[in-house]
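sequence first, then the predicted structure, then my questions.
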Amino acid sequence: MVENILEEFKKFLSEPRNLLILSHKNPDGDAVGSALGFKHILTAMGHTVTAAVPDAAPGFLKWLPGHKDLIIFERKNGKKAAAEAFRTADMIICVDFNSPDRLGDLECLFRAGTSPTLLIDHHPPQEQFTDMTRIDPTRGSTAELIYLMAVSLEMEAMISPDAATCLLAGIMTDTVGFKVSCSYPEIFETVASLMRLGGNKDRIYEEVYGQFSSDRMRLLGYSLVQKMKIIPGTGAAYIDLTRAELKQFNHKKGDTEGFVNYPLSIGEVIFSVLFTEQEDHIKLSLRSTGNFPANEFASRYFNGGGHLNAAGGRFFGNMEQALKHFEGAVEIYQGLLTNSKS
């Protein structure tokens, strides 16, 4: 099946095409790195390629090669540029999301489109919404999947240093610097190949993990000292931040990236959740260690999903209600949490 899809895609690319690459709202390193990396590769093959996302990425990703050409739908002229890209696309390639609602305000344009569609993703599938799919939840990132596709399709010679850097950034950020979803040797073979192709590991680390603002560091300290709560006897912990608290520290998009991982450094904690208040809902980032299913928990209680050890969710209500709902759910999962700790 996979071979058939790859052959069909390769045949499609045998003549110059107009291609549109889409990724999800609140784009992270894998979303942006995958979209831009694939754009560089396909452009080098002679295709006309546009990449678009619903809203802006965090500031620590804006240095990635090609970011300045990324269509951001929520910005001025973004809607017009996106509509034109959909109109002229011979194919729409979706990367790093498993449900069309992850496209946010771009979903309407996507559903109205008539071009053939391809999904490349590493999240467990939720629904079939494209004509072709290349999904592999065993991989740590979509960026890794794109590199492997490029190799299978004999495109490796088209991977420039810029493309390699984008894909490497996707892998490094989605595995949290090779801490999660990377316990298999093939991922490091991919990393080595991308570095040989010019992927700049050192710059990625410096830009992603070494450019924090003083406000962000103070927010982190406040979160750990004042807002982190460990639920006794469960192995679960959480941090909750309201909009007022975020404003107090001049919060910018991406500032809370990674906060959810800190409680997992505590010996007794195997499940950590970050609650951040948004304009119309509470956003959850869930992380776990071992075999505790963060994705199942998110899906069952918080309108979310993701991977075994990394998931996201939403709660429609206020923070107090969200935390009460969470603590009730932790009680239900007490047995599994206890077994996962042993």
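Yep, that arrived.

where are the low-confidence patches of the protein?
1-3, 342 (pLDDT under 70).

one more time with 80
In the predicted model, the chain carries pLDDT under 80 at residues 1-3, 341-342.

residue ranges of each domain in it, please.
Residue ranges for the structural domains of the chain, counted by automatic domain parsing, are given in the record as 2-209, 214-341.

where along this structure do the helices fall?
Along the chain, the segments classed as helices by DSSP state H run 2-12, 29-44, 78-88, 107-112, 142-152, 161-174, 185-196, 201-209, 214-222, 243-248, 294-301, 319-332, 334-341.

quick one: which of those is nearest residue 94?
When the helices of the chain are compared for distance to residue 94 using C-beta to C-beta, the nearest one is helix 107-112, at 8.0 Å. C-beta here means a position set from N, CA and C on the backbone, and glycine is covered the same way.

got a list of contacts for that closest one?
The list of residues contacting helix 107-112 from outside it, by C-beta atoms under 8 Å, 6 or more residues apart in numbering, reads 22, 82-83, 86, 92, 94, 100-101, 103.

returning to that earlier point: would CSV of the helices of the chain with distance to residue 262 and mean neighbour count be doable?
What follows is the helices of the chain, written out as CSV (distance: least, C-beta to C-beta, whole Å; neighbours: other C-beta atoms under 10 Å):
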stretch, distance to residue 262, mean neighbour count
helix 2-12, 38, 13
helix 29-44, 19, 28
helix 78-88, 34, 16
helix 107-112, 33, 14
helix 142-152, 25, 24
helix 161-174, 17, 28
helix 185-196, 24, 16
helix 201-209, 14, 16
helix 214-222, 8, 15
helix 243-248, 16, 13
helix 294-301, 16, 20
helix 319-332, 18, 15
helix 334-341, 18, 15
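
format these as TSV; extra columns: distance to residue 230.
Shown next, in TSV, are the helices of the chain (distance: least, C-beta to C-beta, whole Å):
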stretch	distance to residue 230
helix 2-12	44
helix 29-44	29
helix 78-88	42
helix 107-112	38
helix 142-152	33
helix 161-174	27
helix 185-196	32
helix 201-209	26
helix 214-222	17
helix 243-248	19
helix 294-301	17
helix 319-332	11
helix 334-341	12
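
residue 277: which of the contacts of helix 107-112 is nearest?
residue 101 (20.8 Å).

any idea how far the closest one is from residue 314?
Counting by C-beta to C-beta, to the nearest Å, the gap between residue 101 and residue 314 amounts to 11 Å.

now swap in residue 334 and tell me
Applying C-beta to C-beta to residue 334 and residue 314 gives a distance of 24 Å.

who wins for proximity to residue 65 among the helices of the chain?
Where those are weighed against each other on C-beta to C-beta, the nearest is helix 161-174, at 3.6 Å.

can I get that closest one as PDB, trimmed to CA atoms?
The C-alpha atoms that make up helix 161-174 are tabulated as PDB, following Å, rounded to 0.1, in the frame of the first residue of the first chain:
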ATOM      1  CA  PRO A 161      21.400  22.400   3.500                       C
ATOM      2  CA  ASP A 162      18.400  24.700   4.000                       C
ATOM      3  CA  ALA A 163      16.000  21.700   3.500                       C
ATOM      4  CA  ALA A 164      18.100  19.500   5.800                       C
ATOM      5  CA  THR A 165      18.100  22.200   8.500                       C
ATOM      6  CA  CYS A 166      14.300  22.600   8.400                       C
ATOM      7  CA  LEU A 167      13.800  18.800   8.600                       C
ATOM      8  CA  LEU A 168      16.400  18.400  11.400                       C
ATOM      9  CA  ALA A 169      14.600  21.200  13.300                       C
ATOM     10  CA  GLY A 170      11.400  19.300  13.000                       C
ATOM     11  CA  ILE A 171      12.900  16.100  14.400                       C
ATOM     12  CA  MET A 172      14.800  17.800  17.200                       C
ATOM     13  CA  THR A 173      11.800  19.800  18.500                       C
ATOM     14  CA  ASP A 174       9.200  17.100  18.300                       C
END
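
relative to helix 142-152, how tilted is that helix?
Interaxial angle of helix 161-174 relative to helix 142-152 (axes from the mean of the first three to the mean of the last three C-alpha atoms, to 10 degrees): 140 degrees.

what's helix 161-174 packed up against?
Using 3 or more C-beta pairs under 8 Å, 6 or more residues apart in numbering; DSSP states H and E as the contact criterion, the elements in contact with helix 161-174 are helix 29-44, helix 142-152, helix 185-196, helix 201-209.

now distance to residue 252 too, for the ones you listed, in a markdown table please.
Formatted as a markdown table, the entries for those read as follows, by distance: least, C-beta to C-beta, whole Å:
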| stretch | distance to residue 252 |
| --- | --- |
| helix 29-44 | 16 |
| helix 142-152 | 24 |
| helix 185-196 | 29 |
| helix 201-209 | 15 |
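
closest to residue 172 out of those helices?
helix 201-209 (5.6 Å).

elements contacting that closest one?
Packing contacts for helix 201-209, counted by 3+ C-beta pairs under 8 Å, 6+ apart, involve helix 161-174.

now the angle from the helix it packs on to helix 29-44?
Orientation check (the same axes, to 10 degrees): helix 161-174 against helix 29-44 gives 160 degrees.
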